[in-house]
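Undergrad: quick one, fold the following:
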Amino acid sequence: MKISALVQSSAGHHEVTLRTDGHIQALAVPPRPSGVGSGVNGGELLFLALATCYCNDVYREAAKRGLTVERVEVEVSGDFGAEGEPARNVTYRVRVAAPHDEAEVQALLLHTDRVAEIQNTLRVGVPVTLTDVQIERR
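TA: This is a model prediction of the structure:
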């Protein structure tokens, strides 16, 4: 699966486009009140990615096990320090409604934590590389 995210930002304009294997969709993210940049910060979006991944994976892994999940709530939190410092104390909690034995649902949630791709990406510390810089002169 090939995924990309594109942010286009200028004065009073902020556009986010996501692409997964050719499927393109827009995500509504307003510009900052100052008019330039994103109205949400990267830490918020990173934590949203963690929460979204785990939520979706709970449903995926439940289906594989023949379990019904009626509702999933995931909250991710952590701390950011000074500019340039990575996040610290990143934790998440989940609340699930499911009509199954508690031990069975607990096993599902622990398994999902082990296979959640975004969580595992951060856990192994994947390199992120700047590959191209282009400058327009106006």
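Undergrad: please tell me how far the nearest residue to residue 67 once chain neighbours are set aside sits from residue 110.
TA: Nearest residue to residue 67, sequence neighbours excluded (C-beta to C-beta, 6 or more residues apart in numbering): residue 100, at 5.6 Å. Where C-beta positions appear, they are placed from N, C-alpha and C, glycine not excepted. Residue 100 sits at a distance of 14 Å from residue 110 (criterion: C-beta to C-beta, to the nearest Å).
Undergrad: hey, C-alpha coordinates of stretch 56-69 in PDB?
TA: Taking Å, rounded to 0.1, in the frame of the first residue of the first chain, the C-alpha atoms of stretch 56-69 are listed here in PDB:
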ATOM      1  CA  ASN A  56      -9.500   0.900  12.500                       C
ATOM      2  CA  ASP A  57      -7.300  -2.000  13.400                       C
ATOM      3  CA  VAL A  58      -9.600  -3.000  16.300                       C
ATOM      4  CA  TYR A  59     -12.400  -3.400  13.800                       C
ATOM      5  CA  ARG A  60     -10.100  -5.200  11.300                       C
ATOM      6  CA  GLU A  61      -8.800  -7.700  13.900                       C
ATOM      7  CA  ALA A  62     -12.200  -8.300  15.400                       C
ATOM      8  CA  ALA A  63     -13.600  -9.200  12.000                       C
ATOM      9  CA  LYS A  64     -10.800 -11.700  11.500                       C
ATOM     10  CA  ARG A  65     -11.800 -13.300  14.900                       C
ATOM     11  CA  GLY A  66     -15.500 -13.200  14.100                       C
ATOM     12  CA  LEU A  67     -16.100 -10.700  16.900                       C
ATOM     13  CA  THR A  68     -18.600  -7.800  16.800                       C
ATOM     14  CA  VAL A  69     -17.400  -4.400  18.000                       C
END
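Undergrad: got the contact list for that stretch?
TA: With C-beta atoms under 8 Å, 6 or more residues apart in numbering as the test, stretch 56-69 has contacts from 72, 94, 96-100, 104-105, 108-109, 111-112, 115-117.
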